[in-house]
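S.K.: Take this sequence and fold it.
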Amino acid sequence: MTLSVIVPVYNEAATIREVIRQVAAVGIAQEIIVVDDGSTDGTPEMLRQLQREHGTVLPGVSGSPCELRVVWHVRNRGKGAAVRSGFQAARGEIVVIQDADLEYTPGDVPALIAPIERGEADAVLGSRFIRQRPRFFVHGGMPFFSHYLGNLCIIWLTNRLYGFRATDYEGCYKAFKRALVCSTPVGADGFEFDNELICKLLRRRARIAEVPIRYTPRVYREGKKIRWYHGVRILWTILKWRILPFTRA
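M.R.: Numbering: from 1, shown residues only. All right, here's what the predicted structure looks like:
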């Protein structure tokens, strides 16, 4: 099955080139779609430089190059809006969301899409908490413990309301059949986009699997963007989409 990797990016000039290189080096993506969400830190220049160097084809491994495509947002609209633009532009049968920092390892992508390729799942969640124990504090003092408590609330509420038993909903890595996400309307523009999508897929009784992924959290001074108020929006999203009606596209 063909694979499109969606990379939403906002002000990640320090890491975007390496992330793209690592994704291409895995050698299984037919296209990498970078959605620049109105970056102001030099990320657009970095992406244009990559296009000048490689054109639209990135060197892969074992003779498996992949296409690099860039979608531009004139202004910052939020991660969810960027992911939605990536889904709309994708041509692969499977789509994977890849963060533009280095918290996640592209080498985990083959395992992430395997349940879909085997016909066992329609969507796959990457879980940070299956393979390794939670890290409550990291170098630099980022309070990962508070993030972990927020994750526990999100996991408990989603599992309780939707009758599922996932161990992690907030990991970046998620894979979907493109036809499934294209027929599931999601209106959120922020970090709560993933939660709205997953809640609606659970209501549609999509087959969802989990696989372990590796995770190296970064600190706020390194560019981490999620804050406590994003968690509040996520919890509200989980609650309201258990009740509100929606129509398949």
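S.K.: Lowest-scoring secondary structure element of the chain by mean pLDDT?
M.R.: strand 57-61 (a mean of 71; mean pLDDT, DSSP states H and E).
S.K.: next SSE after it?
M.R.: strand 64-73 (DSSP states H and E).
S.K.: what's the longest helix in the protein?
M.R.: Counting residues, the longest helix found in the chain (DSSP state H) is helix 144-162.
S.K.: show me where the protein has strands.
M.R.: Remark: strands assigned in the chain by DSSP state E are 3-9, 31-37, 57-61, 64-73, 94-97, 123-127, 174-177, 208-212.
S.K.: okay, those in JSON lines with mean neighbour count and distance to residue 245 next?
M.R.: All C-beta atoms are positioned from the backbone trio N, CA, C, and that covers glycine. Converted to JSON lines, these look like this (neighbours: other C-beta atoms under 10 Å; distance: least, C-beta to C-beta, whole Å):
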{"stretch": "strand 3-9", "mean neighbour count": "26", "distance to residue 245": "28"}
{"stretch": "strand 31-37", "mean neighbour count": "25", "distance to residue 245": "29"}
{"stretch": "strand 57-61", "mean neighbour count": "15", "distance to residue 245": "42"}
{"stretch": "strand 64-73", "mean neighbour count": "18", "distance to residue 245": "29"}
{"stretch": "strand 94-97", "mean neighbour count": "27", "distance to residue 245": "25"}
{"stretch": "strand 123-127", "mean neighbour count": "23", "distance to residue 245": "21"}
{"stretch": "strand 174-177", "mean neighbour count": "24", "distance to residue 245": "22"}
{"stretch": "strand 208-212", "mean neighbour count": "19", "distance to residue 245": "21"}
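S.K.: what sits against the residue most central in space within the chain?
M.R.: Closest to where the C-alpha atoms of the chain average out (C-alpha atoms, centre = their mean) is residue 97, at 3.3 Å. Neighbour list for residue 97: 6, 8, 83, 86, 172-175, 194 [criterion: C-beta atoms under 8 Å, 6 or more residues apart in numbering].
S.K.: what's across from it in the sheet?
M.R.: In this entry, residue 97 is beta-bridged to residue 6, residue 174, by DSSP bridges.
S.K.: on that earlier part again, could you dump the contacts of residue 97 into a markdown table and include pLDDT and distance to residue 201?
M.R.: Compiled in a markdown table, the contacts of residue 97 are given as follows (pLDDT from 0 to 100; distance: C-beta to C-beta, whole Å):
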| residue | pLDDT | distance to residue 201 |
| --- | --- | --- |
| 6 | 98 | 17 |
| 8 | 97 | 19 |
| 83 | 97 | 14 |
| 86 | 97 | 17 |
| 172 | 88 | 17 |
| 173 | 95 | 16 |
| 174 | 98 | 10 |
| 175 | 98 | 12 |
| 194 | 96 | 10 |
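S.K.: Closest one of these to residue 30?
M.R.: Residue 30 has its nearest neighbour among those in residue 6, at 12.6 Å by C-beta to C-beta.
S.K.: Would you confirm that the closest one contacts residue 79?
M.R.: No - the criterion here is C-beta atoms under 8 Å, and residue 6 misses it with residue 79 at 10.7 Å.
S.K.: Perfect, that will be all.
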